[in-house]
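In: got a sequence here, can you build the structure:
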Amino acid sequence: MNAQEHFDSLMKLCEGDSSFYFVDQVRNMCKYRIFSYRLAGYSEFLLPYARECRGHMFEIDSDGKMIRAASMAPTKFFNHMENPITMDLDFSDCDLVMDKADGSPISSYMQDGIYFKSKTSLNSEQAQAAMKLLHKFPDLAGFIFRMECNGYTVNLEYVSPNNRIVLPYQTDNLIVLSVRSRQGDTYGEYLDHSVIASLMARYGCEEHLVKNYANEIEDFNAHLNSINEMSDIEGFVIRIRGGETVKVKTAWYVALHRAKDSINSPKRLFEVVVNEAHDDLRGVFPEDQFLLDRIEEMEKLVQGIYANIKVNVEKFYNDNAGLDRKSYAILGTQTLPRLYFSLAMNLYLGKENDYKEWMIKHYKDFGIKDDPVEE
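Out: Predicted structure coming up:
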């Protein structure tokens, strides 16, 4: 693999009706093309270079021709047993077993200095926060600068109490996950973890390197089988020597992540509150005031909608149930909000309204938005 082949292959991958795409962004007069994917399935990831299309960035000229590989994100890897790629693997010999950091992935690039990008953005909230944080770690900044000068991208995880996914990090931090070459014969290769550790030690920033437990584990299969029962961690990233890299998450984390998704998704949180299950969410993250405030805000919205329905629909029915059907319908269209007319007619016809089901069906009418597509 080389930079031009990589770029050309990704351009081809993005042709037509594809799950793979690119975005062009500009910083200080330099134009960059970032490749990524949306909702790609297993078969699509079998296409050439598909797993090298997850935030990889190239500088391009005004005609869209590649100038250089600017940032080399990690190869796409999957959860253990997620698809045939990660099934029937031999874990008897692994050279990397590291904590799965629970934050936002960040990659370095160099222009007139060191910058950070997130998956498909040069200016995302996470990229900007990570850049500000880097100023607090001059030793780490020096290491990243040296790597960039030598043609290597440093891939990190930005974790923070203000960027909580599930795990409650108490302090802001940048965790180095991998270092990847953009140069010549080594293009796409990863520096060995021990080499990264040695280099970071020279700069006095080795505490920012994710720990590799491989040398401490005697039986990798036994360790793999024990992960599901662990708690207070997301899981591990495991690389078979000379083979696949997989994610293995704990059942504890997966359950909490689903709960957190319900809070982060306006539509799902609306459904949870309508169904009166939000007290369970409060119990999952009792110390996270930001999340508790979101639940309370949605609770007030749902209570207001329900009260409004009761006032408009049931009062109208009680006041006008003696009218003939035509008169009732005409008066209803004249006085009731359009959204509530069918509910009032149901009462007149002796049908019971399922207000919860109706509210969930009409979520958009109450200003609840669908989840945005990840960029």
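
In: pull out the buried positions in stretch 33-52.
Out: Within stretch 33-52, the residues that qualify as buried by neighbour count (16 or more other Cβ atoms under 10 Å) are 33-37, 40, 45, 47, 49-52. For glycine as for every other residue, the C-beta is placed from the backbone atoms N, C-alpha and C.

In: of these, which is the nearest to residue 238?
Out: Nearest to residue 238 among these is residue 51, at 16.9 Å by Cβ to Cβ.

In: pretty sure the closest one is touching residue 73, no?
Out: No - checked against Cβ atoms under 8 Å, the pair residue 51 and residue 73 is beyond contact range at 10.7 Å.

In: using JSON lines, please lay out the buried residues of stretch 33-52 together with secondary structure and pLDDT.
Out: Output for these, formatted as JSON lines (DSSP: H, G, I helix; E, B strand; the rest coil; pLDDT from 0 to 100):
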{"residue": "33", "secondary structure": "strand", "pLDDT": "98"}
{"residue": "34", "secondary structure": "strand", "pLDDT": "98"}
{"residue": "35", "secondary structure": "strand", "pLDDT": "98"}
{"residue": "36", "secondary structure": "strand", "pLDDT": "96"}
{"residue": "37", "secondary structure": "strand", "pLDDT": "94"}
{"residue": "40", "secondary structure": "coil", "pLDDT": "88"}
{"residue": "45", "secondary structure": "helix", "pLDDT": "95"}
{"residue": "47", "secondary structure": "coil", "pLDDT": "96"}
{"residue": "49", "secondary structure": "coil", "pLDDT": "97"}
{"residue": "50", "secondary structure": "helix", "pLDDT": "97"}
{"residue": "51", "secondary structure": "helix", "pLDDT": "98"}
{"residue": "52", "secondary structure": "helix", "pLDDT": "98"}
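
In: max pairwise distance over those: which two?
Out: The largest distance within these, taken as Cβ to Cβ, falls between 33 and 45 and amounts to 20.6 Å.

In: domain assignment for the chain?
Out: For the chain, the structural domains run 1-70, 71-250, 265-366, going by automatic domain parsing.

In: where does the stretch 251-375 of the chain have low pLDDT?
Out: Judged by pLDDT under 70, the stretch 251-375 of the chain has its weakly predicted residues at 280, 283-284, 371-375.

In: cutoff 90 now
Out: 252-269, 271-295, 306-312, 352, 354-357, 369-375 (pLDDT under 90).

In: what residues sit buried inside stretch 305-320?
Out: 305, 309, 312-313, 316-317.

In: ok, stretch 49-66 next?
Out: Using 16+ other Cβ under 10 Å as the burial criterion, the residues of stretch 49-66 that qualify are 49-60, 66.

In: looking at those, which is nearest residue 25?
Out: Of all the buried residues of stretch 49-66, the one sitting nearest residue 25 is residue 57; the distance, using Cβ to Cβ, is 8.8 Å.

In: would you list every one of the helices in the protein?
Out: Per DSSP state H, the chain carries helices over the ranges 3-13, 125-134, 138-149, 193-202, 220-227, 251-264, 266-274, 278-284, 289-309, 315-320, 325-335, 341-348, 355-361.

In: minimum distance to residue 169: which of the ones you listed has it?
Out: Closest approach to residue 169 among those is made by helix 125-134 (12.1 Å; Cβ to Cβ).

In: who's in contact with the closest one?
Out: Taking contacts as Cβ atoms under 8 Å, 6 or more residues apart in numbering, the residues outside helix 125-134 that touch it are 104, 106, 114-118, 121, 140-141, 144, 156, 158, 160, 162-163, 172-174.

In: hmm, try it at 10 Å
Out: Counting by Cβ atoms under 10 Å, 6 or more residues apart in numbering, the neighbours of helix 125-134 from elsewhere in the structure are 103-108, 114-119, 121-124, 140-141, 144, 156-160, 162-163, 172-174.

In: next: stretch 12-26.
Out: 10-11, 31-41, 44-45, 47-50, 52-54, 56-58, 60, 64, 117, 120-123, 375.

In: right, I'll call it a day here.
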